[in-house]
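1. give me the fold of what follows.
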Amino acid sequence: MRWQTQSEFWQGRRVFLTGHTGFKGSWLAHWLLLLGAEVRGFALTPERRQVPEGFQPLFEELALSARLDHIVGNIRDEETLNGSLRAFNPEIVLHLAAQPLVRASYQNPVETFATNVLGTAHLLNACRSLPGLRSIVVVSSDKCYENREQIWAYRETDPMGGHDPYSSSKGCTELVTNAFRASYFPLEHADDHGVSISSARAGNVIGGGDWSEDRLIPDAMRSMLAGSPLEIRNPRAVRPWQHVLEPLQGYLTLAQKGATDPGLVSKGWNFGPATEEALSVGELVSCLESEMRGKFSWKTGADDGPHEAQLLTLDSTAARTHLGWKPALSLQSMIDFTASWYGCHNPEQRADMVSGQITNYVQSLEQ
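-> Okay, the predicted model is just below:
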């Protein structure tokens, strides 16, 4: 999908974006604004508790509250969410709001299910009454699949599941999305209702501006800034690591194609790196250690945490074949983009770096 064509589509397009104050949401909001979209964001206040001194939540570093229609709200608050959606009457809905952490889901399982499952149901139910709506993208997770620790990558037709509350909630989110699609926007009547409901399952994303608790790169950067080595519980665990821009390009592609051809994309899609580029936790932090040139170090610690999957990869053949989506960044570029952001101590330069990395990424897509 060419940058110019994409820009023409998004110019002036009304986009309702949930979770816009989070890590991925901030990157996506910024990208949409660069494309000329009219964006209303609906999310909680950005989390500051884990952000080190000298940094701010990415949402604030990008000054997004002054550049889009910023609504502070909780997707579990059905009345407020409904009112915000109806008043804005979007053409595109991108649903990123979620409780996104596995370990946090063990501590607060009911809140995790209420946010990820019931919150999604609230959103999709409100979307039924939007006359201008054309495309909905529900962002899920690679962890939505029933993980059997299999050696081959998961495909969109594999069963949903989840050992822990977070993974289970994402499997449930997929089932809720499918139920609303089949009940209210059925694929066989796409030409009549003209609305696409797709879901996007991405891998483990990294990139500048992520300060979430119990995530590998944020924990590594906090350890670096504190001058202490990072303890890794499970260095052999394999994940589909990818820079945040890779799945965001998938979300934008789904939204655009869904608005113009709802029958094509109204289902679930994987957006992961090439299988041969799946890395273990230890391999990724070793690459980061090399890139940071001695500023960061790590060691193996005791694995005394709750259960997490050891092996998880995604098969993105469908997205490559039918959507024309493909990863654009090499492993080294992914590390370079990430390390350069965290290694910069000037907030204005970090904000400019986000714009620059988006531009460089799009240029890579067009090569």
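2. all contacts plus neighbour counts: C-alpha atoms, from now on.
-> Will do.
3. show me where the stretch 51-200 of the chain has its strands.
-> In chain order, the stretch 51-200 of the chain shows strands spanning 69-72, 92-95, 135-139, 196-202, with DSSP state E, counting those that start in this stretch as the criterion.
4. so which elements touch the second one?
-> Same thing as strand 92-95. Contacts defined by 3 or more Cα pairs under 8 Å, 6 or more residues apart in numbering; DSSP states H and E place strand 92-95 against strand 14-18, strand 135-139, helix 245-260.
5. please identify the deepest-packed of the ones you listed.
-> strand 135-139 (a mean of 27; mean count of other Cα atoms under 10 Å).
6. quick one: list the elements packing against that one.
-> Secondary-structure packing of strand 135-139 (3+ Cα pairs under 8 Å, 6+ apart): strand 92-95, strand 196-202, helix 245-260.
7. for the last one, packing partners?
-> Same thing as helix 245-260. helix 23-34, strand 92-95, strand 135-139, strand 196-202, helix 262-265, strand 268-271.
8. same thing but at 7 Å, please
-> strand 135-139, strand 196-202, helix 262-265 (3 or more Cα pairs under 7 Å, 6 or more residues apart in numbering; DSSP states H and E).
9. dump the strands of the stretch 51-200 of the chain to CSV, plus mean pLDDT and distance to residue 165.
-> Converted to CSV, these look like this (pLDDT from 0 to 100; distance: least, Cα to Cα, whole Å):
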stretch, mean pLDDT, distance to residue 165
strand 69-72, 98, 26
strand 92-95, 98, 20
strand 135-139, 98, 17
strand 196-202, 97, 17
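10. want to throw these into TSV with distance to residue 58?
-> Supplementary listing: the strands of the stretch 51-200 of the chain in TSV, determined by distance: least, Cα to Cα, whole Å:
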stretch	distance to residue 58
strand 69-72	15
strand 92-95	19
strand 135-139	20
strand 196-202	21
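11. mind checking the ones you listed for the one nearest to residue 347?
-> Nearest of the strands of the stretch 51-200 of the chain to residue 347, taken as Cα to Cα: strand 69-72 at 21.2 Å.
12. identify the residues contacting that closest one?
-> Applying Cα atoms under 7 Å, 6 or more residues apart in numbering, the set of residues contacting strand 69-72 from outside is 39-45.
13. buried subset of those residues?
-> Burial of the contacts of strand 69-72 was assessed by neighbour count (16 or more other Cα atoms under 10 Å); the buried members are 39-44.
14. could you pull out the helices in the stretch 251-367 of the chain for me?
-> Taking DSSP state H, counting those that start in this stretch as the test, the helices found in the stretch 251-367 of the chain are 262-265, 281-291, 317-318, 331-342, 347-365.
15. give me whichever of those helices is most buried.
-> Greatest burial across these, using mean count of other Cα under 10 Å, falls to helix 262-265, with a mean of 22.
16. and it, what does it pack against?
-> strand 196-202, helix 245-260.
17. again, only this time at 8 Å
-> On a contact count with 3+ Cα pairs under 8 Å, 6+ apart, helix 262-265 meets helix 190-193, strand 196-202, helix 245-260.
18. can you give the distance of that helix from its chain's centre?
-> Averaging C-alpha coordinates over helix 262-265 and over its chain gives two centres that are 21 Å apart (Cα atoms, centre = their mean, to the nearest Å).
19. check stretch 234-254 too.
-> Stretch 234-254 has its average C-alpha position 8 Å from the chain's average C-alpha position, going by Cα atoms, centre = their mean.
20. about what we covered before: would you list the contacts of strand 69-72 in TSV and tack on pLDDT and distance to residue 348?
-> Supplementary listing: these in TSV, determined by pLDDT from 0 to 100; distance: Cα to Cα, whole Å:
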residue	pLDDT	distance to residue 348
39	98	23
40	98	24
41	98	23
42	98	25
43	98	24
44	97	24
45	96	21
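21. hang on, the earlier thing: let's have the helices of the stretch 251-367 of the chain in JSON lines, adding mean pLDDT and distance to residue 125.
-> Supplementary listing: the helices of the stretch 251-367 of the chain in JSON lines, determined by pLDDT from 0 to 100; distance: least, Cα to Cα, whole Å:
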{"stretch": "helix 262-265", "mean pLDDT": "91", "distance to residue 125": "18"}
{"stretch": "helix 281-291", "mean pLDDT": "87", "distance to residue 125": "39"}
{"stretch": "helix 317-318", "mean pLDDT": "96", "distance to residue 125": "28"}
{"stretch": "helix 331-342", "mean pLDDT": "93", "distance to residue 125": "37"}
{"stretch": "helix 347-365", "mean pLDDT": "94", "distance to residue 125": "33"}
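22. quick one: closest of these to residue 109.
-> Comparison of these against residue 109 by Cα to Cα identifies helix 281-291 as nearest, at 25.4 Å.
23. mind listing residues that contact the closest one?
-> 232, 234-239, 295-298, 335-336, 339 (Cα atoms under 8 Å, 6 or more residues apart in numbering).
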